[in-house]
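J.: quick one, what's the 3D model for this:
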Amino acid sequence: MRNKHRRQIRKPAELLLVPMIDIFTVLVTFLLMTAVFSRITIVELDLPSSAAAKVTEPVFRLEVVVRKEGLELTNGSTLIAAIPKVNGAYDLKALSELALSLKRDHPDEDNASVLLEPNIAYDDLIQVMDAIRSTETAEGASPTPTRVALYTNIAVGDAP
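T.: Below you'll find the predicted structure:
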């Protein structure tokens, strides 16, 4: 009889998956709650249409021509200022200051155009657009700079 008890067949151990499923559920919930979702900023651009009806020309429209040598600010046909590159980079601070002074002269105008020569880097386009869209000024008694909107409606095109 003793041999019978020793030779009894043991049942194989069962694998319990419920605790492992619970751990994965908690892990997935934690990861979803702590995930950082990227925020995409969309800038609306006005592109000229070939079928556009006749539109009266505004009195003033800022055009920034981005060339390899530097920046040119014009009013359609009249050259307002030329800003050369400084140490191989565009002088965006001078551009913002000129745009601010032009905005003070023409406070009702919000339209501007950025015209590019071929082979201008995309990053340069974005920096020029940011420089004429808004700037920080230290006005009044407050020592902290305030952000001022300049030309918010920006169209993009090819330089003449």
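J.: got the contact list for stretch 85-94?
T.: Stretch 85-94 has contacts (C-beta atoms under 8 Å, 6 or more residues apart in numbering) with 66, 69-71, 83-84, 124, 127-128, 130-131. C-beta coordinates here come from the backbone N, C-alpha and C atoms, glycine included.
J.: how near is residue 155 to residue 112?
T.: Separation of residue 155 from residue 112 (C-beta to C-beta, to the nearest Å) stands at 7 Å.
J.: between those two, who's got more neighbours?
T.: Ranked by neighbour count (other C-beta atoms under 10 Å), residue 155 and residue 112 place residue 112 first, with 23 against 15.
J.: what is the mean pLDDT for the top helix by length along the chain?
T.: In the chain, with assignment by DSSP state H, the single longest helix is helix 18-34. For helix 18-34, the mean pLDDT works out to 89.
J.: same check on stretch 113-131?
T.: Across stretch 113-131, pLDDT averages out at 92.
J.: identify each buried residue in it, please.
T.: With burial defined by 16 or more other C-beta atoms under 10 Å, the residues of stretch 113-131 counted as buried are 113-116, 120, 124, 128-129, 131.
J.: which two of the contacts of stretch 85-94 have the greatest separation?
T.: Taking C-beta to C-beta, the two most distant members of the contacts of stretch 85-94 are 69 and 130; they sit 21.0 Å apart.
J.: CA atoms of stretch 107-126 as PDB?
T.: Output in PDB follows, covering the C-alpha atoms of stretch 107-126 (Å, rounded to 0.1, in the frame of the first residue of the first chain):
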ATOM      1  CA  PRO A 107      -2.500 100.800 -37.000                       C
ATOM      2  CA  ASP A 108      -5.500  99.500 -39.000                       C
ATOM      3  CA  GLU A 109      -3.500  97.300 -41.300                       C
ATOM      4  CA  ASP A 110      -3.100  93.600 -40.400                       C
ATOM      5  CA  ASN A 111      -2.100  92.200 -43.800                       C
ATOM      6  CA  ALA A 112       1.500  91.400 -44.800                       C
ATOM      7  CA  SER A 113       3.200  89.300 -47.400                       C
ATOM      8  CA  VAL A 114       6.400  87.300 -47.100                       C
ATOM      9  CA  LEU A 115       8.000  86.800 -50.500                       C
ATOM     10  CA  LEU A 116      10.800  84.200 -50.800                       C
ATOM     11  CA  GLU A 117      13.700  83.700 -53.300                       C
ATOM     12  CA  PRO A 118      14.300  80.100 -54.300                       C
ATOM     13  CA  ASN A 119      16.300  77.900 -52.000                       C
ATOM     14  CA  ILE A 120      15.500  79.800 -48.800                       C
ATOM     15  CA  ALA A 121      15.300  77.500 -45.700                       C
ATOM     16  CA  TYR A 122      11.900  76.800 -44.300                       C
ATOM     17  CA  ASP A 123      13.100  77.700 -40.800                       C
ATOM     18  CA  ASP A 124      14.000  81.200 -42.000                       C
ATOM     19  CA  LEU A 125      10.500  81.600 -43.400                       C
ATOM     20  CA  ILE A 126       8.900  80.600 -40.100                       C
END
